[in-house]
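Colleague: Just to be clear, the model below is a prediction. Sequence and coordinates:
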Amino acid sequence: MALVIVSAGTLAHSTLRTLTMQTLAAATGGLMLAGLLAGVALGFQLGRVSNSDEGRTPEFAYLDPAQPGDQALIQQIGSLSGRLIRLEAAAGRLTDRIGATRPAAADAAGSPPNVAHQPAGGPLLAPRFGTASGAGTSLLQLERGLDHVEASLDRVAAMVARRDLDGMAFPSRVPIPGVVISSGFGRRTDPFTRQLAEHAGIDYPAPYGTSILASAGGRVRYAGPHGAYGRTVEIDHGDGLVTRYGHASRILVRVGDVLLPGQPIATVGSTGRSTGPHLHFEVLRDGTQVNPGLYLTGDES
C-alpha cells in the first residue's frame, strides 16, 4: 500500500511532504504503477489540499493503487496536477509581461448551502468524486481551487489584451527609425525667412523614397495635398490623438484605411514648404499640436 501524506498550504505554492511505496515493488505491473505515482508526486509538489489545523489527520489517508477506486483518484490527482502546472506557467508569463501579482486560489469550501423553499433546478448528475468523504472531498476542493486560478488567469489575460490594444494605438514609435532629427519642436529660426518662429513638429531628414511608418495603429483620416505640409497623411488613433506626416513624395494609404503600428504609409519627399527631403512629424492632442518627443519612446516594434 502506498502512503500519501499531504500537508497544508496554498494551491500555488505547495510541496510534497511524504510519499512511501513499500508494497509497490511487490505488486504486479510495478513499472506501470511507478510511472503513474511519479506523475502524482510531480503534481503534489505544486498542489496540496488545505488543512491548517496542526495535529489534524490529513484528508488524504491511505491510497492503495491496487484498488480500482483509489487508482481512479490517483489518476484524477495526476490530471488536476497537470492543469496546475500549466496554469503556474501561464501565471509566470503574465507576471513577466505586466508585473501583476500571481492570482491566488480562493477558499474552495464548496457551494453555498441550499436555501429551503427557494427556486432551484438543473439536470440530475452524479457527484464528481462519488459520495465518499476524505480524499474525494479534497479532490473536489482542489479542482474548484484550480477553476478559480484558471478564471483569474483568464481575467488577467483579457486585461493584457486590452492593454496591448491600447498600446498599439499610442503614437510611441519613431516614424523613420535610426534617423537623427534635424529640427525639434518649439522655437527655431525659420529656414525661409531666417526669423524666429514656432515649429509644430519634428523633422527627420532622409533620402527621397525612404519609407515613413505609422507611429501607432489607427484609421487614416486624411491623405493628400495639405498646403505648406505638401502631400500629407493624418492618422486618427482615438482618444483625441492624431499624428500628421508631411512633405511626402508619395502616399501609400487612403482615407478610411485601418493601419497597424509600423505600417508604411508614405515615402519621404520635399513637397510643400520644404527646403529638402525630410519628414515633418506632428502629434495633435484634441486638435492642438503637442511635443512629439513626449510621446515617442524609440520603440520600433
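Modeller: That came through fine.
Colleague: So residue 214 is in contact with residue 257, correct?
Modeller: No - Residue 214 is beyond contact range of residue 257, at 9.9 Å (criterion: Cβ atoms under 8 Å). Where you see a C-beta, it was placed from the backbone N, CA and C, and this is true even at glycine.
Colleague: In the stretch 101-250 of the chain, where is pLDDT below threshold?
Modeller: Applying pLDDT under 70 to the stretch 101-250 of the chain picks out residues 101-118, 120-122, 124-142.
Colleague: what are the ranges of the strands in this protein?
Modeller: Using DSSP state E, the strands of the chain run over 2-5, 18-21, 62-63, 186-189, 196-199, 202-205, 211-213, 218-225, 231-238, 241-251, 258-259, 264-268, 278-285, 288-290.
Colleague: closest one to residue 163 among the ones you listed?
Modeller: strand 231-238 (14.6 Å; Cβ to Cβ).
Colleague: Direction included, what does that closest one pair against?
Modeller: The strands beside strand 231-238 in its sheet (DSSP bridges) come out as strand 218-225 (antiparallel), strand 241-251 (antiparallel).
Colleague: Including mean neighbour count and distance to residue 233, could these go into TSV?
Modeller: Listed next are these as TSV, based on neighbours: other Cβ atoms under 10 Å; distance: least, Cβ to Cβ, whole Å:
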stretch	mean neighbour count	distance to residue 233
strand 218-225	17	5
strand 241-251	22	5
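Colleague: For residue 194, find the nearest of these.
Modeller: Nearest to residue 194, of the strands paired with strand 231-238 and by Cβ to Cβ, is strand 241-251 at 19.8 Å.
Colleague: will you turn the strands paired with strand 231-238 into JSON lines that also has distance to residue 296?
Modeller: Below are these laid out as JSON lines (distance: least, Cβ to Cβ, whole Å):
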{"stretch": "strand 218-225", "distance to residue 296": "16"}
{"stretch": "strand 241-251", "distance to residue 296": "10"}
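Colleague: which one of those lies closest to residue 288?
Modeller: Comparing these by Cβ to Cβ, strand 241-251 comes nearest, at 10.1 Å.
Colleague: With that, I have no additional questions.
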